[in-house]
Each structure stands twice: as C-alpha cells, then as structure tokens.
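1. fold the following.
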Amino acid sequence: MLFEPLYAYYRTLGHRGRAVLFQLPLSTTMLLVVVLTMVLHPQLDVGGSFLYSLGIHVLLLAACSLVPWGRLPERAVLIIPVLDCIAVGISREAADEYLTVLGFLLVFPVVWLAADRRRTGVLLAVVATILSAVLPPVILGTGFDGPDFIRIVLLPVILGATALTAHGIVNALTLQRQQLEAQGCEVRDLLSASEDRERLLNTVMDTVSVGVCALDAQGRVVLMNHQLSSHLGRTITGTPTPDDHAEFPVYGADRKLPLPMERHPAFRASSGESFTDELIWAGDRTGQKAYSTTCRLIEGTNGQHSGAVLAFTDVTALVEALSAKDQFVSNVSHELRTPLTSILGYLELGLAEEGVDPEMEFYLTVARRNAERLLHLVGDLLTIASDAITIEPRDADLTEVVRHSVQAAQPRAKAGGLTLELLPSGTAPGHFDPDRITQAVDNLISNAIKYTPRGGTVTLQVSNDGHELRCEVTDTGVGMTEEELDQAFTRFFRAANAHSSTIPGAGLGLAITKSIVENHRGYITLSSRPGEGTTATLTLPAADADAASMVTA
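-> Modelled structure (predicted):
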C-alpha cells in the first residue's frame with residue numbers, strides 16, 4: 001500500500017511520461033555519480049570520450065520525452081534501455097579507473113527490460129548486457145584485454161539472473177495486483193448488492209404491518225422496523241426496567257399479572273427458546289393492546305444460537321371481535337335456554353295427556369325431539385362461549401365409560417344401518433371426570449355415526465399401557481382431507497361433505513371434546529383419508545401416571 005499513490009500516478013501518465021519515468025533514475029544516478037566523483041577526486045579527467053558518452057544519456061532522456069511513443073508499436077520504447085546499456089558501457093570504458101562502478105548502472109536498463117510481461121524481455125536484457133561489454137571497446141578503439149573477456153562472460157550471467165529475478169517479481173506483483181483488483185471489484189459488487197438488499201429489507205420491514213425485531217446472541221436489538229415505536233419496542237423486546245413495568249407493563253394472556261422477567265419475549269429469545277403465536281398484552285388497563293408474538297432462532301455457521309427474530313402482530317381488533325362474538329353467543333344462548341326449557345315442559349305435558357290423537361302425538365314427538373336437539377345445541381354454544389369447562393375428577397374406569405356410551409348409541413347406529421361395536425379389552429383405571437369424558441366419547445361416536453354411510457362399521461377400542469389410557473374410535477365413513485384435518489378442531493368448522501350431504505351439526509363437537517380432554521391433561525388426535533374413514537384417538541393419563549404428575553407438581 002506504500003506504493004499505491006505512485007502506482008496511481010503512474011497510471012495517469014501517457015506513453016512518453018512512462019518512458020521518462022523509467023529513464024529518469026538512470027540519468028539522475030549518472031549525474032550524481034559524476035558530480036560526486038569530481039568533488040571527491042578533482043584530478044579526474046572527464047573530457048573527450050566520456051563527455052560524449054554523457055551526451056548520449058542526455059539524448060536518450062530527450063528522446064523519451066519527445067518521441068511520440070503512443071503512435072509506435074507498444075514495445076518500440078524498449079530500444080531506449082538497450083541503448084542505455086550501450087551508453088553505460090561506453091561511459092565505463094571511456095572513464096578513468098575510478099569510474100568502473102558505472103557498470104552497476106546497467107541494473108536500471110536491465111530491470112526496465114525485465115519488467116516487460118513477455119519472457120523475451122529477459123533475453124533482450126542479456127543481449128543488451130553483452131552489447132554493453134562488446135561494443136564500447138570497438139567503438140572507442142581501445143581493444144580487448146583480459147578483464148574485458150571476463151566481463152563479457154560474467155556480466156551477462158549476473159545481470160541475466162538479475163533480469164530473470166526482476167521479471168519473476170514483476171509478473172508476481174502484476175498478477176497479485178490483478179487479483180486484488182478483481183477482488184476489489186467483487187467486494188464493490190458485493191457491497192453494492194448488500195446495500196441494495198439492505199434497502200430492500202428496510203423497505204419490506206417498514207411496509208409490513210407486523211412489528212419485527214432482530215436480536216443478537218446477547219439479546220441486544222440489532223434491527224427494528226418502524227412498526228415498533230421506540231417506547232413500545234423497548235418495553236416488549238428489550239430488557240424491561242421497573243419504570244417500564246409501571247408506565248407500560250406487559251401482561252400475559254390473562255391480562256392480570258405483568259409478565260415476569262423469564263417470560264418476557266426478548267429474554268426467552270436470547271435464551272434460545274422458539275415459540276409461535278403467543279398472546280401478550282402491552283399497556284395499562286385503559287389502553288392495552290394485544291400482540292401475537294412469534295420467535296424464530298438464528299443459527300450460526302457452527303450450528304449454535306447466534307440470535308433471534310421476533311415478530312409482533314397487533315391482534316387487538318381480532319381478540320376484541322372474538323370476545324364480542326363469544327359474548328354474543330353466550331347472551332343469545334342464555335336467552336334461548338329459558339324459552340326452550342318452557343317449550344319442552346309444555347310438550348311433555350301435552351304428551352302426558354290421555355287420549356291424545358295419534359297424529360297429534362306424532363307431531364308433538366317430532367317437536368320435542370327437535371326442541372331437545374336445539375337445547376343440546378344451546379348447551380354446546382354456552383360451553384364453547386365460556387371457554388372454561390369445569391371438571392370434577394375422581395377414580396373411574398375408561399372401559400366402563402366407553403361401554404355405557406356404546407350402549408347408549410346403539411339405537412342410533414341401528415337406525416342408520418351401521419354396526420357399532422366395542423372390542424374386548426381389560427380395565428383402564430384413571431383419575432378423571434367420567435361425566436365429561438362420557439360427553440367427549442359421545443361426541444366422537446356421534447360424529448362417526450353421522451359421517452359413516454349405511455352398511456358401515458364404527459369400532460371402539462380401549463387400551464392401557466400403564467402410562468396412558470387410549471380410546472380409539474374408528475369408522476369406515478367419508479373421511480377428511482389434509483386441509484380439513486388441520487381445521488377439524490376449529491369452532492364452527494364443518495367439512496365440505498357435511499354441507500353437501502346435509503349432515504346435521506354446528507361444528508362444535510370436536511372443539512368441545514378437545515377442550516374436555518386437554519382439561520384432563522390429555523390430548524386428542526385425528527387420522528383420516530378421503531373415502532377410507534377416520535380414526536379419532538383420545539388419550540388420558542393413567543391412574544399411576546396421573547398420581548406421579550400430581551406429586552411432581
């Protein structure tokens with residue numbers, strides 16, 4: 001880098017300027033040697049042939065600056081260093097014995113010739129060196145003596161090696177410079193592309209309606225878009241301070257207690273925890289906003305945690321809409337329950353009367369059945385709207401619960417032309433609410449019967465492996481697609497074939513069943529293929545496992 005300014009200046013010169021730049025060191029050194037010699041040895045005779053040889057150097061320097069080298073072939077300028085070698089040889093031959101050191105000046109033209117990228121430059125340097133030893137005695141008529149013959153042999157060898165070395169160094173430096181320039185171009189291209197990507201990223205981040213924040217491995221914010229205001233961003237992504245908690249607290253889904261430090265999104269992200277769509281509330285009680293928070297971890301090249309990206313979606317309007325919907329469903333359900341109960345009561349009284357006309361009895365029975373169905377639907381709506389199912393667990397046997405549900409559903413199965421059976425199994429003791437589990441199993445059996453065509457089979461099997469209790473309900477019905485399976489537990493969702501075949505239902509059974517099972521610390525899964533049936537698996541902790549979990553808790 002020391003010679004970078006000189007190289008930049010050299011590239012600005014024309015052909016003549018470069019020729020002068022190569023010639024100038026030799027001319028300057030020749031002048032300096034002559035002056036120093038005259039000062040140190042005044043008796044030196046520098047007249048005659050020596051002065052003529054100095055004139056040759058002056059003429060060569062003038063030729064470098066006057067000849068239009070740009071109009072000549074590119075390598076025509078190399079005639080100058082060849083003539084320099086001859087001129088140096090003449091000066092050395094014409095001078096006194098004190099100036100034999102002038103022979104060292106051959107290094108300048110030799111290096112100039114060797115600096116040519118082609119290998120012929122080295123050969124030309126050797127030839128010029130030979131000429132510098134052979135021609136001067138001929139031109140000056142001094143003849144050859146013993147030292148001249150030695151010089152003719154050794155000088156080309158030494159300066160040829162110097163030329164070869166200089167040629168290699170120049171080529172290596174040139175190649176290195178070309179590589180550096182190519183790398184510099186690549187770096188500039190990469191920098192330009194990086195700046196373009198940064199502008200694109202900033203534009204995208206400021207365009208989306210989601211607050212995005214990137215953290216490093218220590219939890220420090222390295223990138224944040226405009227959707228996160230400075231105060232809000234510091235509160236929900238940075239390490240919370242006591243003032244932030246007081247002025248702009250962050251709550252969990254319950255909206256009651258501020259989040260502890262270890263549950264803060266940024267703390268969890270910096271700890272290497274990934275999570276999806278977790279609800280938090282930010283702000284005071286009068287101006288809280290709901291955010292769905294998602295975190296994805298960034299892995300470094302060594303596979304270790306090197307940061308995280310947090311996304312905050314403002315779902316306040318959605319949460320409030322869902323709350324309003326649930327409130328509406330709850331209010332309507334409460335309003336419907338009272339008149340439905342009254343209707344059922346009067347229908348029961350009408351059916352209990354003696355001497356009721358058979359046709360009228362049929363009408364009343366149909367009305368009662370539909371009123372009971374509507375009351376059951378109202379009960380489901382109230383359950384789903386409350387979003388809280390009360391359970392009263394006690395020791396019970398899942399096999400007995402399932403057997404009673406199968407017995408209760410047999411009339412419906414026979415009416416639909418289906419075979420409903422419970423495969424033999426042993427006892428399955430557990431600690432759960434048998435009434436709620438009965439409700440869940442009834443929902444699964446009801447769905448299997450509704451979605452299985454006449455002539456099909458619905459099979460139930462209970463198993464106990466000592467850790468978990470399982471109840472599998474398998475049917476040979478219409479089945480579901482992958483998309484329908486993903487939404488099966490969504491409230492009010494019904495498969496496409498349910499609408500096309502007018503199968504009754506409100507799409508609440510599976511949602512209620514899932515809520516019941518999860519309140520028992522269990523889970524439910526579905527597997528299905530269109531046209532091949534569906535298998536619903538209800539899983540609960542066994543009695544021993546449940547006791548162990550209670551002790552651990």
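2. what residue ranges in the stretch 451-553 of the chain score low on pLDDT?
-> Residues of the stretch 451-553 of the chain that meet the criterion pLDDT under 70 lie in 491-507, 544-553.
3. what segments of it are strands?
-> Using DSSP state E, counting those that start in this stretch, the strands of the stretch 451-553 of the chain run over 457-464, 468-475, 523-529, 533-541.
4. quick check: which of these is nearest to Leu140?
-> The minimum distance between Leu140 and the strands of the stretch 451-553 of the chain falls on strand 523-529, with 108.5 Å, by CB to CB. Backbone N, C-alpha and C define where each C-beta goes, glycine included.
5. mind listing what that closest one pairs with, with the direction of each?
-> Paired strands of strand 523-529, with direction, are strand 533-541 (antiparallel) (DSSP bridges).
6. contacts for the strand it pairs with?
-> The contact list for strand 533-541, computed with CB atoms under 8 Å, 6 or more residues apart in numbering, reads 398, 430-432, 437, 440-441, 444, 447-448, 451-452, 456, 467-480, 513, 517, 520-528, 549.
7. so how far is the helix or strand hosting Ala324 from its chain's centroid?
-> Using DSSP states H and E, Ala324 sits in helix 316-352. How far helix 316-352 lies from its chain's middle: 49 Å, per CA atoms, centre = their mean, to the nearest Å.
8. by contact count, what packs against that helix?
-> Applying 3 or more CB pairs under 8 Å, 6 or more residues apart in numbering; DSSP states H and E, we find helix 316-352 packed against strand 289-299, helix 358-386.
9. in a markdown table: these, plus mean pLDDT and mean neighbour count.
-> Listed next are the helices and strands packed on helix 316-352 as a markdown table, based on pLDDT from 0 to 100; neighbours: other CB atoms under 10 Å:
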| stretch | mean pLDDT | mean neighbour count |
| --- | --- | --- |
| strand 289-299 | 87 | 17 |
| helix 358-386 | 73 | 15 |
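10. turn the ones you listed into JSON lines, including distance to Glu392.
-> Shown next, in JSON lines, are the helices and strands packed on helix 316-352 (distance: least, CB to CB, whole Å):
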{"stretch": "strand 289-299", "distance to Glu392": "32"}
{"stretch": "helix 358-386", "distance to Glu392": "15"}
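11. can you tell which of the ones you listed is closest to Gly350?
-> Nearest to Gly350 among the helices and strands packed on helix 316-352 is helix 358-386; the distance by CB to CB comes to 5.1 Å.
12. I'd like the next helix or strand past that closest one.
-> Next along from helix 358-386, by DSSP H and E: strand 394-397.
13. got the angle for the next helix or strand after that next one vs strand 457-464?
-> On the C-terminal side of strand 394-397, the nearest following helix or strand under DSSP H and E is helix 398-415. Between helix 398-415 and strand 457-464, the angle comes out at 180 degrees (axes from the mean of the first three to the mean of the last three CA atoms, to 10 degrees).
14. buried sites along helix 398-415?
-> Buried residues in helix 398-415, counted by 16 or more other CB atoms under 10 Å: 398-399, 401-402, 405-406, 409, 413.
15. which secondary element of the protein has the worst mean pLDDT?
-> helix 242-247 (a mean of 42; mean pLDDT, DSSP states H and E).
16. quick check: mean pLDDT across the next helix or strand after that helix?
-> The first helix or strand that comes after helix 242-247 along the chain, using DSSP H and E, is strand 250-251. Across strand 250-251, pLDDT averages out at 82.
17. for strand 250-251, name the packing helices and strands.
-> When contacts are defined as 3+ CB pairs under 8 Å, 6+ apart, strand 250-251 packs onto strand 275-282.
18. for the most centrally placed residue in the chain, give the beta-bridge partners.
-> For the chain, the residue nearest the mean C-alpha position is Ile298 (6.7 Å; CA atoms, centre = their mean). With DSSP bridges as the criterion, Ile298 is bridged to Gly307.
19. re earlier: of the buried residues of helix 398-415, closest to Phe50?
-> Looking across these and measuring by CB to CB, the closest to Phe50 is Leu398, at 121.5 Å.
20. doesn't Glu472 make contact with that closest one?
-> No - the pair Leu398 / Glu472 is not scored as a contact, 11.6 Å apart, by CB atoms under 8 Å.
21. residue contacts, Ser510?
-> Wrong residue type there; residue 510 is Leu, not Ser. Residues counted as contacts of Leu510 (CB under 8 Å, 6+ apart) are 443, 447, 488-489, 524.
22. how is the protein divided into domains?
-> Using automatic domain parsing, the domain parsing of the chain gives 4-184, 211-314, 320-386, 394-552.
23. figure out which of the ones you listed is closest to Leu201.
-> Of all the domains of the chain, it is domain 211-314 that lies closest to Leu201, at 8.3 Å by CB to CB.
24. now do the same end-to-end measure for the closest one.
-> End-to-end distance for domain 211-314: 8 Å, by CA to CA, to the nearest Å.
25. before we move on, what about stretch 452-469?
-> Terminal residues of stretch 452-469 are spaced 26 Å apart (CA to CA).
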